Every structure is written in structure tokens, then in C-alpha cells.
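**Student:** After the sequence you'll find the predicted model.
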Amino acid sequence: MSIGTTIIVIVAAVLVIAAVIVALSRRPTLGGSNMRRHFGPEYDRTVARHGGDKAAATEELQERLQRHGDLKPRPLPAGAREQYTAQWAVIQEHFVESPAKAVAEADQLLARLVSERGYPAVEEYDEQVAALSVHQPRHVEAYRDTHAIARRADDDQTSTEELRSSLLHARSLFEELVAAGPHPDGDPANSRDTAKHGAGRLNLRALHRGGA
């Protein structure tokens, strides 16, 4: 091999190594207290699921970051926000007559909303949860609980109070998902306030009436 060829091979190898290093450096990583600070209750839940093994929990959460850290949730158009808010209001009114049905409807609506925001599709529930745990770590447990309780409710295994609590917690995630994104008049804060008020005052009254 000539000296010129050798130099070319070495330069090419150096460039490949540099590209790998840059790619790895751009992948989202967290460690130690930063991991716990980012994931909050989700970190503690994962540690508990691994029997207290923090290293294993950190590895799992880091893997979720690698898969979903680069996901950019899509904003909802104003029309979609209004539709979702109206649907949520109807669901919570349904709670008065049929708590189990209302929670099942909330579970389905949240799944559609999560998908429309750019998270994995409805059919990929586990991946939806993993992505939400990265981007909505304070609310992902409500998504899990609503899904689990909606399935158990089909077998009459849940109390009205449990159903009410589930729907109230799910509403916090709903508000985060439906309010995020540009508002028609350019005021994101106004968008958030509108979504909370539209899904809130009337429906809290309905929830506290149902089954009381």
C-alpha cells in the first residue's frame, strides 16, 4: 500500500470515528440527580419496579430517552383543540350517569389526542407510554391508570370513587396536551387558560355530583 493510500485510509477512519462521536454526543443523556429531576415520580416508580436497583432503572430510562428524546410533539390547530375540549366536557357530563363509560371514553380520547400530538400511534400503547414518560413524566402515571381502570371497569372491578379520581387525574394530562401549541391570536398563555376553563369548571361540578 502506498503512502498516499495509507494516508487516505487513516483520514477516512478518523472522519468515521469523529462522526460517531458527534452522533453519540447529540443523543439525549441524563445521569444521577438529573435523571431523577427530569423523570420525577416516574424515576421512583421505575426504581421500585426494578426492586430498588437504581442502575437498572437508570438504564431503562436512559433507553427511553434514546428512543423518544428527539420527538417533537406537534401543536394542535385551534379547531382540534376546541373539538377535544368539547368532547372532554361531554365525557365528564357522562360521568353522572355512567362513571365506567366516561372513564372508558376518556381513555380512548386521550389515546387519540396523544397520537395526534405526534406520539406513537394508538396501537402502540407501550411506546406511547414510554414517549409520554420522557415528555410528560409528571402526568404519564395518570395515562397508565386511566387505561388500566377503563379495562377493569368492564368487569365491574372499580368503585365510583376510584373512577372519579382516575378521571380527575387524567384531566391534568388532557389539559397539558390540548393546551400546548400556538393560539390563533398568538398568545400561548391564552390558549392554556381557554383549554383549562373549557374543560374545568362545569366538569368538576359534574364529577362531584356523580355517585356522591
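**Tutor:** Everything's here; your move. Every value quoted in this text rests on a predicted model; they were computed, and no experiment measured them. Numbering: from 1, shown residues only.
**Student:** Could you tell me which ranges of this protein sit under the pLDDT cut-off?
**Tutor:** Residues of the chain meeting the criterion pLDDT under 70: 1-2, 4-32, 155, 180-212.
**Student:** Recalculate using a threshold of 80.
**Tutor:** Applying pLDDT under 80 to the chain picks out residues 1-33, 78, 153-157, 180-212.
**Student:** Distance check, R64 against V129.
**Tutor:** 9 Å (CB to CB, to the nearest Å). Using the backbone N, CA and C atoms, a C-beta is placed for each residue, glycine as well.
**Student:** Outline the domain layout of the protein.
**Tutor:** Taking automatic domain parsing as the reference, the chain has its domains at 3-68, 78-209.
**Student:** tell me how far the ends of the first one are from each other?
**Tutor:** Right, domain 3-68. Distance across domain 3-68, first residue to last, is 45 Å (CA to CA, to the nearest Å).
**Student:** Check the secondary structure at the residue nearest to K72 when sequence neighbours are not counted for me.
**Tutor:** Nearest residue to K72, sequence neighbours excluded (CB to CB, 6 or more residues apart in numbering): G118, at 6.8 Å. Here G118 is coil, with the state taken from DSSP: H, G, I helix; E, B strand; the rest coil.
**Student:** what about G118, neighbour count?
**Tutor:** Per other CB atoms under 10 Å, the neighbour tally for G118 reads 14.
**Student:** quick one, phi psi at it?
**Tutor:** Backbone torsions of G118, given as degrees, to the nearest 10, read phi 100, psi 0.
**Student:** same question, E97
**Tutor:** According to degrees, to the nearest 10, E97 has phi -90, psi -30.
**Student:** how deep is it tucked in, by neighbour count?
**Tutor:** Neighbour tally, E97, other CB under 10 Å: 9.
**Student:** Flag every buried residue along stretch 100-108.
**Tutor:** For stretch 100-108, burial by neighbour count (16 or more other CB atoms under 10 Å) applies to 100, 102-108.
**Student:** what about dumping the CA coordinates of it to CSV?
**Tutor:** Taking Å, rounded to 0.1, in the frame of the first residue of the first chain, the C-alpha atoms of stretch 100-108 are listed here in CSV:
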residue,chain,number,x,y,z
ALA,A,100,-67.3,3.5,33.9
LYS,A,101,-68.4,4.5,30.4
ALA,A,102,-67.0,8.0,31.0
VAL,A,103,-63.6,6.7,32.0
ALA,A,104,-63.5,4.4,29.0
GLU,A,105,-64.3,7.3,26.7
ALA,A,106,-61.6,9.4,28.4
ASP,A,107,-59.1,6.6,27.8
GLN,A,108,-59.9,6.5,24.1
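**Student:** Now do the nearest residue to I91 once chain neighbours are set aside against S165, distance only.
**Tutor:** What sits nearest to I91 in space, not counting adjacent residues and going by CB to CB, 6+ apart, is E105, at 4.7 Å. Look at E105 and S165: by CB to CB, they are 16 Å apart.
**Student:** hang on, isn't A142 packed against L167?
**Tutor:** No - with contact defined as CB atoms under 8 Å, A142 does not reach L167; the gap is 9.6 Å.
**Student:** These two: who's more crowded?
**Tutor:** Legend: neighbour count by other CB under 10 Å for A142 and L167, higher for L167 (28 against 23).
**Student:** residues in contact with the more buried one?
**Tutor:** Contact partners of L167, counting by CB atoms under 8 Å, 6 or more residues apart in numbering, are 91-92, 95, 99, 102-103, 106, 146, 207.
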